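Visitor: sequence and predicted structure are below.
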Amino acid sequence: MRLSNGEALLAWPLAQHIITQGWRYNSGKSHNGIDMRTVIGNTSMRPVYSAEDGTVSATQVWDGHTKDERSMQSYGNRVDISHASYKGKALLTRYAHLSSICVKVGQKVKEGQLIGYSGATGNVYGAHLHFEVLLGGKRTNPLTWLDDAYIVASSNVYTYGPGEHAVERPADAPAAVNGLQIIKATGLTNAQAWEVYMLATKLDLLTMQLYVAKFADANNTTQDVEVGPVTQGDAKQVLTLLDKLGVQGKATVEAVQDAA
Ligand SMILES: [Zn+2]
């Protein structure tokens, strides 16, 4: 997803965001990607999703035996997706060690679209997803392109350090005393309000009546929308959507104060 400031905020390729090896291995050796845990419960085959809208630029089927790190075959079954360029440089995401591939070269995919299932093909110590982000053909630290909703499998896992590019998020909302926030956006078009409604549905806010909208003009062409009180995580998703819709300027964020 591209933010209003031109930054690319990629979506997580798995539903579970557990990092087992970072941009540098725990040994300190460079890894050039991240590994994500896929073995949860009794299956390691997890749906893998495209990190952003794009076009499938390559797929590779593993030959079933090559594990040599110098060979592309070490990635096992692999998908590469090319996205809109970032600051004039080609942006590509790579998904490796898959058990199966659901897309074809040249196919257009949407952010969040299923592209395959995780597995243990290629040069692996066990089932996991290896994820890379390449900018201008050079591998970069994937964690600098993703939001910070992840956990690390151990305290040794490298995340990212000073000087590494990080997505500049839209302005942070004020911190709330109890962590809850209310977002009010006025004068949204019906289409924009619909997008917020859909996100609120996804976040399961409707059943708790945490999404309220009312028409803001006599002709029913604009709406005032209120979301909350919600957690800062949910608030961030709403603010990111408003930013994507280009209406963050119409929104205010209120911290919910403790009654005491
Ligand atoms: Zn890896």
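Guide: Structure received.

Visitor: in this protein, what residue is nearest the ion?
Guide: Among the residues of the chain, His130 lies closest to the ion, at 3.5 Å counting by C-beta to the ion. For every residue, glycine as well, the C-beta is placed using N, CA and C.

Visitor: now for the longest strand seen in the chain, which elements pack on it?
Guide: Ranked by residue count under DSSP state E, the longest strand found in the chain is strand 89-101. With contacts defined as 3 or more C-beta pairs under 8 Å, 6 or more residues apart in numbering; DSSP states H and E, the packing partners of strand 89-101 are strand 54-60, strand 77-86, strand 114-118, strand 128-135.

Visitor: the following helix or strand past it: how far from the chain's middle?
Guide: Tracing the chain past strand 89-101, the next element assigned as helix or strand by DSSP states H and E is strand 108-109. The offset between the C-alpha centroid of strand 108-109 and the centroid of the whole chain comes to 16 Å, using C-alpha atoms, centre = their mean, to the nearest Å.

Visitor: please identify the pairing partners of strand 108-109 and their relative orientation?
Guide: Strand pairing for strand 108-109, determined by DSSP bridges: strand 54-60 (antiparallel).

Visitor: identify the residues contacting the partner strand?
Guide: Residues outside strand 54-60 that contact it (C-beta atoms under 8 Å, 6 or more residues apart in numbering): 72-73, 75-84, 92-93, 101, 103-109, 115.

Visitor: out of those residues, which end up buried?
Guide: Of the members of the contacts of strand 54-60, the ones counted as buried by neighbours, 16 or more other C-beta atoms under 10 Å, are 73, 75-83, 92-93, 101, 103, 109, 115.
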